[in-house]
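Peer 1: Below are the sequence and a predicted model for it; my questions follow.
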Amino acid sequence: MKKVTKIVLSGGPGGGKTKSLKRLLPELQKFGYKVFPVLESATQIIESGFNRHESAYKFQKAIAENQLKIETEIEENLKPDEKALIICDRGLMDCRVYLNDSDYEKIKAELNMNEVELRDRYDAVFHLDSTSNSSNAEYINEHTRIENESEARKINERSLKAWCGNPHYRFIPVCENYEEKFRLLLKEIKSFLGIPRHLEIERKFLIKYPDIDFLMTLPCSKTSIEQAYLIGEQGVFRLRKRGCNGEYIFIKTVKTRISDTVRIEKEDRLSESEYNELMSSNKVTGKIKKHRYCLMYKGTYYEIDIFPFWKNQALLEVEMSEENEEINIPEFFDLIREVSFDERYRNSSLCNNVPEEEV
């Protein structure tokens, strides 16, 4: 079976995506990956002579079709046993940044893809913050770019919002110099890829029911999740159906506990038929539904879980790169207490026994 991991370098202009893509290739090849770069389609289309000023819709459509063609050709030509990694300088969801709602809907129809497919076809997204977003860095504007500093900041913010909802979304800030920024990017990518091993390091907090309307004014996305816990040869594992408005992806996750906040995690994408087959088996031990709000705020990706059985409280999760990483809870959340070490607030426990509300 072909095993390919696909990641995106996104963000506003002047973030260092193109430069970083070139440098990542030899770094990740050291770890046994066959790395396939997908260069920025916008630059390729512009350099082919396309008039980008004629129509934003036609320009983004040409970019998306070119991007999809390249990604598909790479995947179709992979060898069955190849440990492959595709790294894209921007992804299909970036078309959302440059289009109004009407044209965005037309693009999805033209590609015959829904929003979940556009965004979550990539296993992880790394947002490289634009130098236009920092007072301590000079804005970098390459020859193919026409945005001024103010326009670049707006694109940067729209990019942050567009990719919210991807299961693995990380923010790479502007640093004192590019070398420091690249070091952070490489560290985050290696952590995601499980180099040296796949670890899930997260903290969990009980909060008062948040102001949903306010959250949706920020870079935030709502996702519906149905998940179940099953018993297999490797012990208990999780199945998850994730998406919105009838558009879903399906994931199997096996976790091995190291401590209350650290677990080894292995994820595999499933087809809908594979998911349904497992869900119809007699191995299911518990099921749960929730709405998840994925929020990117001040460089941290927060996941707020709203459950149907609570009216006054919710759970806030933060995934970290290191176990001792400092966590800052946004000021607009009312913290009740941390529950990282309370087994009752694990989803596998909530399936069968729900603690009473604390507020």
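Peer 2: That came through, no problem. Computed from a predicted model, the values in this text were never measured in an experiment.

Peer 1: drop to CA atoms for contacts and neighbour counts, all remaining ones
Peer 2: Will do.

Peer 1: Name the next helix or strand downstream of the helix or strand in which Lys161 is found, please.
Peer 2: For Lys161, the element it lies in under DSSP states H and E is helix 149-163. Following helix 149-163 in sequence order, the next helix or strand is strand 169-172 (DSSP H and E).

Peer 1: so what does that following strand touch, helix or strand wise?
Peer 2: When contacts are defined as 3 or more Cα pairs under 8 Å, 6 or more residues apart in numbering; DSSP states H and E, strand 169-172 sits against strand 124-128, helix 178-193, strand 300-306.

Peer 1: among those, which is nearest Arg292?
Peer 2: Smallest distance to Arg292 across those (Cα to Cα): 4.6 Å, for strand 300-306.

Peer 1: now for that closest one, which elements pack on it?
Peer 2: Strand 300-306 packs on strand 169-172, strand 284-297, strand 313-320, going by 3+ Cα pairs under 8 Å, 6+ apart.

Peer 1: sorry, back to before: tell me which residues in the helix holding Lys161 are buried?
Peer 2: For helix 149-163, burial by neighbour count (16 or more other Cα atoms under 10 Å) applies to 149, 152-163.

Peer 1: Stretch 32-46 now?
Peer 2: Buried positions in stretch 32-46, judged by neighbour count with 16+ other Cα under 10 Å: 33-42, 45.

Peer 1: Need these in JSON lines (columns: pLDDT, secondary structure and distance to Glu358).
Peer 2: Output for the buried residues of stretch 32-46, formatted as JSON lines (pLDDT from 0 to 100; DSSP: H, G, I helix; E, B strand; the rest coil; distance: Cα to Cα, whole Å):
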{"residue": "Tyr33", "pLDDT": "93", "secondary structure": "coil", "distance to Glu358": "48"}
{"residue": "Lys34", "pLDDT": "93", "secondary structure": "strand", "distance to Glu358": "51"}
{"residue": "Val35", "pLDDT": "95", "secondary structure": "strand", "distance to Glu358": "49"}
{"residue": "Phe36", "pLDDT": "96", "secondary structure": "strand", "distance to Glu358": "50"}
{"residue": "Pro37", "pLDDT": "96", "secondary structure": "strand", "distance to Glu358": "50"}
{"residue": "Val38", "pLDDT": "96", "secondary structure": "strand", "distance to Glu358": "49"}
{"residue": "Leu39", "pLDDT": "94", "secondary structure": "coil", "distance to Glu358": "51"}
{"residue": "Glu40", "pLDDT": "93", "secondary structure": "coil", "distance to Glu358": "50"}
{"residue": "Ser41", "pLDDT": "93", "secondary structure": "helix", "distance to Glu358": "51"}
{"residue": "Ala42", "pLDDT": "90", "secondary structure": "helix", "distance to Glu358": "51"}
{"residue": "Ile45", "pLDDT": "92", "secondary structure": "helix", "distance to Glu358": "56"}
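
Peer 1: and the residue nearest to Asn156 when sequence neighbours are not counted, how many neighbours does it have?
Peer 2: Distances taken as Cα to Cα, 6 or more residues apart in numbering place Gly12 nearest to Asn156, at 3.8 Å, with adjacent residues excluded. Neighbourhood size, Gly12 [other Cα atoms under 10 Å]: 26.

Peer 1: From the contact counts, what lies against the helix or strand of the chain with the lowest mean pLDDT?
Peer 2: When the helices and strands of the chain are scored by mean pLDDT, DSSP states H and E, strand 262-270 comes last with a mean of 84. Packing partners of strand 262-270 (3+ Cα pairs under 8 Å, 6+ apart): strand 199-208, strand 247-257.

Peer 1: still on that earlier bit, quick check, nearest of the buried residues of helix 149-163 to Asp89?
Peer 2: Ser159 (13.2 Å).

Peer 1: can you tell which of the helices and strands packed on strand 169-172 is closest to Glu265?
Peer 2: Closest to Glu265 of the helices and strands packed on strand 169-172, according to Cα to Cα: helix 178-193, at 10.2 Å.

Peer 1: tilt between the closest one and strand 124-128?
Peer 2: 170 degrees (axes from the mean of the first three to the mean of the last three Cα atoms, to 10 degrees).

Peer 1: Same question for helix 178-193: list its buried residues.
Peer 2: For helix 178-193, the neighbour count (16+ other Cα under 10 Å) marks 181-182, 184-186, 188-193 as buried.

Peer 1: Can you pull out the residues in contact with that helix?
Peer 2: 16, 20, 24, 124, 126, 170, 172-175, 196-199, 321 (Cα atoms under 8 Å, 6 or more residues apart in numbering).

Peer 1: Quick check on those: which are buried?
Peer 2: 16, 20, 24, 124, 126, 170, 172-175, 198-199.

Peer 1: With pLDDT and distance to Ser132 added, can I get the residues you listed in TSV?
Peer 2: Compiled in TSV, the buried ones among the contacts of helix 178-193 are given as follows (pLDDT from 0 to 100; distance: Cα to Cα, whole Å):
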residue	pLDDT	distance to Ser132
Gly16	93	12
Ser20	96	17
Leu24	97	23
Ala124	96	24
Phe126	98	17
Arg170	96	19
Ile172	96	14
Pro173	94	11
Val174	93	9
Cys175	93	12
His198	72	34
Leu199	74	33
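
Peer 1: Make CSV from the residues you listed and add distance to Ile249 to it.
Peer 2: Shown next, in CSV, are the buried ones among the contacts of helix 178-193 (distance: Cα to Cα, whole Å):
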residue, distance to Ile249
Gly16, 30
Ser20, 29
Leu24, 28
Ala124, 14
Phe126, 20
Arg170, 20
Ile172, 26
Pro173, 29
Val174, 32
Cys175, 35
His198, 21
Leu199, 22
